[in-house]
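**Q** Sequence first, predicted model second:
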Amino acid sequence: MSGYHRKDAFHQRAKREGYRSRAAYKLAEIADRHALLAPGARIVDLGAWPGGWLQVAAERVGPSGRVVGVDLAAIDPLGIKNVFAIQGDFDEPRVLQAILDALGGPADVLLCDAAPKLTGLRDVDRAREESLLEAVAAALPALLRPGGDLLCKLLDSPEANAIGRRLGHSFREARTLRPEATRKASAERYLLARDYQKKGS
């Protein structure tokens, strides 16, 4: 029962404080503990629906920063001037270009709290998670500036762990985190990678 009480506490807090998802507290905790979202920074959030992470990012970067979220689902307007939402698949070149246009250049921080739609079939779900992480890895060179940071959700599987390690090798340092707002029964963790070492930069 404790897991349900934990879930309800964060869910009710999100409703009370005006955040669109309980996941907002995961990003807020990581950002505050690890100085991730600096004032004036350019942020891209892949898999941004319903917008909780966009809200937190906008608060942290302030009016001089810029936040762009992309998702296959339409994100209801947040009413924040420096937040831009794009509907589409970030795996597509035209969507990548739209993100860069909205940001005004590569991001300082790339966020991804996206998760594949799970079927309950382990092999299928692992393949979907692997495909999603491969898409994030493929988008990195276009979307993240050299020296930038990555925060990406990982679901616990050999495939995800392998891609997480490979992603980490493109950065000066990398670690995995499990925020307090994560449900106890959840297999998710977050890869926090700092100082992107873009090849050829």
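**A** Everything's here; your move.
**Q** ok, Leu151 to Ala107 distance?
**A** As judged by CB to CB, to the nearest Å, Leu151 and Ala107 stand 11 Å apart. C-beta here means a position set from N, CA and C on the backbone, and glycine is covered the same way.
**Q** scratch that, Cys152
**A** Cys152 is 13 Å from Ala107, by CB to CB.
**Q** List the residues that contact Gly88.
**A** 70, 72, 94-95, 98 (CB atoms under 8 Å, 6 or more residues apart in numbering).
**Q** If you rank the residues you listed by neighbours, which is first?
**A** Within those, most neighbours by other CB atoms under 10 Å means Val70, with 26 neighbours.
**Q** Confirm that that one lies within a strand, as I assumed.
**A** Yes. Secondary structure assignment places Val70 in a strand (DSSP: H, G, I helix; E, B strand; the rest coil).
**Q** mind checking the SS state of the nearest residue to it once chain neighbours are set aside?
**A** Distances taken as CB to CB, 6 or more residues apart in numbering place Ile86 nearest to Val70, at 4.4 Å, with adjacent residues excluded. Put simply, Ile86 is strand when judged by three-state DSSP.
**Q** Show the model's pLDDT score for Ile86.
**A** Note for Ile86: predicted pLDDT of 97.
**Q** Please confirm that Ala185 is located within a helix.
**A** No. Counting by three-state DSSP, Ala185 is located in no helix; its state is coil.
**Q** Neighbours of it, how many?
**A** So Ala185, with other CB under 10 Å, has 9 neighbours.
**Q** Equivalent analysis for the one 10 residues further on, please.
**A** Burial of Asp195 is recorded as 14 neighbouring residues (other CB under 10 Å).
**Q** dump the residue contacts of it.
**A** Contacts of Asp195 (CB under 8 Å, 6+ apart): 147-149, 171-173.
**Q** can we see that at 6 Å?
**A** Residues near Asp195 by CB atoms under 6 Å, 6 or more residues apart in numbering: 147, 171-172.
**Q** cool, and Leu192?
**A** Taking CB under 6 Å, 6+ apart as the test, what Leu192 contacts is 151, 175, 177.
**Q** By neighbours, which of these wins?
**A** Leu151 (25 neighbours).
**Q** For stretch 52-72, give the mean pLDDT please.
**A** 96.
**Q** Now find how far off-centre stretch 180-194 is within its chain.
**A** 12 Å (CA atoms, centre = their mean, to the nearest Å).
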